[in-house]
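In: test case, fold it:
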Amino acid sequence: MSDGVTAGVGSGDAASRSFAHLFSGHASTYAAFRPTYPSELFAWLRSMAPGRAQAWDVGTGNGQVACALASHFDAVLATDPSAEQLAAAPAHARVTYRVATYDSGLPAQSTQLVAVGQALHWFDLPSFFAEVQRVMVPGGFFAAFAYVHSTVMPEVDAITRHYHDVTCADHWAPEHHLIREGYRSMMLPIVEVEAPPFEIRVAMSVEQYLGFHRSWSATQRLLKAGGEGSVLAFERAVRDAWGAAPQRDVVWPMFVRAGTIR
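Out: This next block holds a predicted model:
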């Protein structure tokens, strides 16, 4: 998943419907253009977990977190409520994919790490953490991480911020603000630790950069609302500002909230 549902923000069936279907309609676009997390993040998660037998990636989306964790853990369960998203995820010998919201199916006290990449803002926290507390071994480690606004070059960044803040303003889900504030208002039942600084850095062509923005949930909502002209205008402006460079470095700062479960 990407781009929230927390206690007090959303709950029950409405939350589950949002969680399940926000990205289902463009799963292939999502899988093709979402950036990958740095390998250092997963090495750090392995170092913080009390073992490597089992990890659970919740809201796995296109499976990129699950497959990265599989390099560090013996078995990874990757769950997502969207069957369409899971259909676009790559097969891996150590990864088991399952369509689920929070009901993991894992045995009690079986899991050393629970990870959530770019998805915690969609969760009903009480339901989710009840399952985390059930499956986690004593001293097990929890981490939720996400990335925020990318930077490329000032001219492109200004166009993209206007597109995000103005053009797409009415098309973001209410929970989107939770990413922008780094999840700081979310009350998590963890003994929190400070994570090292991480960032995503990817060399992209302009078409890949624009494909990423097509994968935004707000862009997809804008398109469904008849806003194709606005999207195309944004894309033309970015191409003009990008210039002739075949690729440019795109950098996404990350934030992490992590710790042991109380």
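In: how about low-confidence regions in the protein?
Out: By pLDDT under 70, the weakly predicted segments of the chain are 1-32.
In: can you pull out the helices in it?
Out: Counting by DSSP state H, the chain has helices at residues 12-21, 27-33, 39-48, 64-69, 83-87, 125-135, 154-162, 177-180, 206-214, 217-224, 228-242.
In: show me which residues of the third one are buried.
Out: Of the residues in helix 39-48, those buried under the neighbour-count criterion (16 or more other Cβ atoms under 10 Å) are Leu41, Phe42, Trp44, Leu45, Arg46, Met48. Using the backbone N, CA and C atoms, a C-beta is placed for each residue, glycine as well.
In: distance of the third one from Pro189?
Out: Right, the one you point to is Trp44. 21 Å (Cβ to Cβ, to the nearest Å).
In: which strand in the protein has the most residues?
Out: If you go by DSSP state E, the chain has its longest strand at strand 248-261.
In: helices or strands up against that strand?
Out: Judged by 3 or more Cβ pairs under 8 Å, 6 or more residues apart in numbering; DSSP states H and E, the packing partners of strand 248-261 are helix 39-48, helix 125-135, strand 136-147, strand 190-193, strand 199-204, helix 206-214.
In: and for the fourth one, what's in contact with it?
Out: Residues from elsewhere that reach strand 190-193, judged by Cβ atoms under 8 Å, 6 or more residues apart in numbering: Met48, Phe142, Arg257, Ala258, Gly259, Thr260, Ile261, Arg262.
In: pull out the buried members of those.
Out: Met48, Phe142, Arg257, Ala258, Gly259, Thr260, Ile261.
In: export the residues you listed as JSON lines, with columns for distance to Arg94.
Out: As requested, the buried ones among the contacts of strand 190-193 are exported to JSON lines (distance: Cβ to Cβ, whole Å):
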{"residue": "Met48", "distance to Arg94": "19"}
{"residue": "Phe142", "distance to Arg94": "20"}
{"residue": "Arg257", "distance to Arg94": "26"}
{"residue": "Ala258", "distance to Arg94": "22"}
{"residue": "Gly259", "distance to Arg94": "25"}
{"residue": "Thr260", "distance to Arg94": "24"}
{"residue": "Ile261", "distance to Arg94": "23"}
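In: would you mind giving the contacts of strand 190-193 as JSON lines with distance to Val156 added?
Out: Shown next, in JSON lines, are the contacts of strand 190-193 (distance: Cβ to Cβ, whole Å):
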{"residue": "Met48", "distance to Val156": "35"}
{"residue": "Phe142", "distance to Val156": "35"}
{"residue": "Arg257", "distance to Val156": "29"}
{"residue": "Ala258", "distance to Val156": "32"}
{"residue": "Gly259", "distance to Val156": "36"}
{"residue": "Thr260", "distance to Val156": "40"}
{"residue": "Ile261", "distance to Val156": "41"}
{"residue": "Arg262", "distance to Val156": "43"}
